[in-house]
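K.L.:
Below are the sequence and a predicted model for it; my questions follow.
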Amino acid sequence: MTERAESRVRRRKLLVELISRDEISSQNQLRKRLASLGFDVNQATLSRDLRELGIIKIPLGSTGSRYVVPGTETPSRRQYEETFRRLVLSVDVSGQLMVLKTGPGDAQAAALALDNMRMPEILGTVAGDDTFLAVVREDTDRAALLAQVRSLVGLPH
């Protein structure tokens, strides 16, 4: 194994340890913790590590969210709704796609929250950095769904 590959393996093992042990809510926090332990990584590398390790953010109710290793914690529907409400800034519908905007870096957590709210009208989501799409079932009353989702996040219908 090359030195670079060994470093990646050590860094990823450390990521899992930090996330399992501490309440870490942002990539910036994580980068600082890694740097203090001798691993200076850029945002792109950290994002790739998190994605490839399957690490996700879960809601902590009204106090924010934190990274977790999958399978270690299961939030309640209320926590997902609170996270969704806190992160989503705008909602619109075009055809069978609902377009939802968030702040930078929040789309994945908001999409995960919506997926886990298990709304029967939503087939699934695809998230970017600050925008995500929710695919709406064909037979759904899109105006009613739009009003319901806007109400969930406290936006005018």
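P.N.:
Received, thanks.
K.L.:
Give me the secondary structure label for the most centrally placed residue in the chain.
P.N.:
Note on the chain: the residue nearest the mean C-alpha position is residue 109, at 1.8 Å, using Cα atoms, centre = their mean. When classified by DSSP: H, G, I helix; E, B strand; the rest coil, residue 109 comes out as helix.
K.L.:
Quick check: it touching residue 65?
P.N.:
Yes. Between residue 109 and residue 65 there is a contact under Cβ atoms under 8 Å: 5.5 Å. For every residue, glycine as well, the C-beta is placed using N, CA and C.
K.L.:
Spatially, what comes nearest to the residue nearest to the centre of the chain if we skip its sequence neighbours?
P.N.:
residue 57 (4.2 Å; Cβ to Cβ, 6 or more residues apart in numbering).
K.L.:
Identify the residues contacting the helix or strand encompassing the one you found?
P.N.:
Taking DSSP states H and E as the definition, one finds residue 57 inside strand 56-59. Strand 56-59 has contacts (Cβ atoms under 8 Å, 6 or more residues apart in numbering) with 25, 65-68, 70, 73, 75, 79-80, 82-83, 108-109, 112-113.
K.L.:
With respect to residue 12, which of these is nearest?
P.N.:
Distance to residue 12 across the contacts of strand 56-59 (Cβ to Cβ) is lowest for residue 67, with 13.3 Å.
K.L.:
Give me the phi and psi angles of the residue lying closest to that closest one once chain neighbours are set aside.
P.N.:
Take residue 67 and drop its neighbours on the chain: the residue closest to it by Cβ to Cβ, 6+ apart is residue 19, 4.7 Å away. Residue 19 adopts backbone torsions of phi -70, psi -40, taken as degrees, to the nearest 10.
K.L.:
now residue 37
P.N.:
phi -100, psi 10.
K.L.:
Please verify my assumption that it contacts residue 14.
P.N.:
Yes. Proximity of residue 37 to residue 14 meets the contact threshold set by Cβ under 8 Å, at 6.4 Å.
K.L.:
which residues does the residue nearest to residue 109 form a beta bridge with?
P.N.:
Here residue 57 sits in beta bridges with residue 67, going by DSSP bridges.
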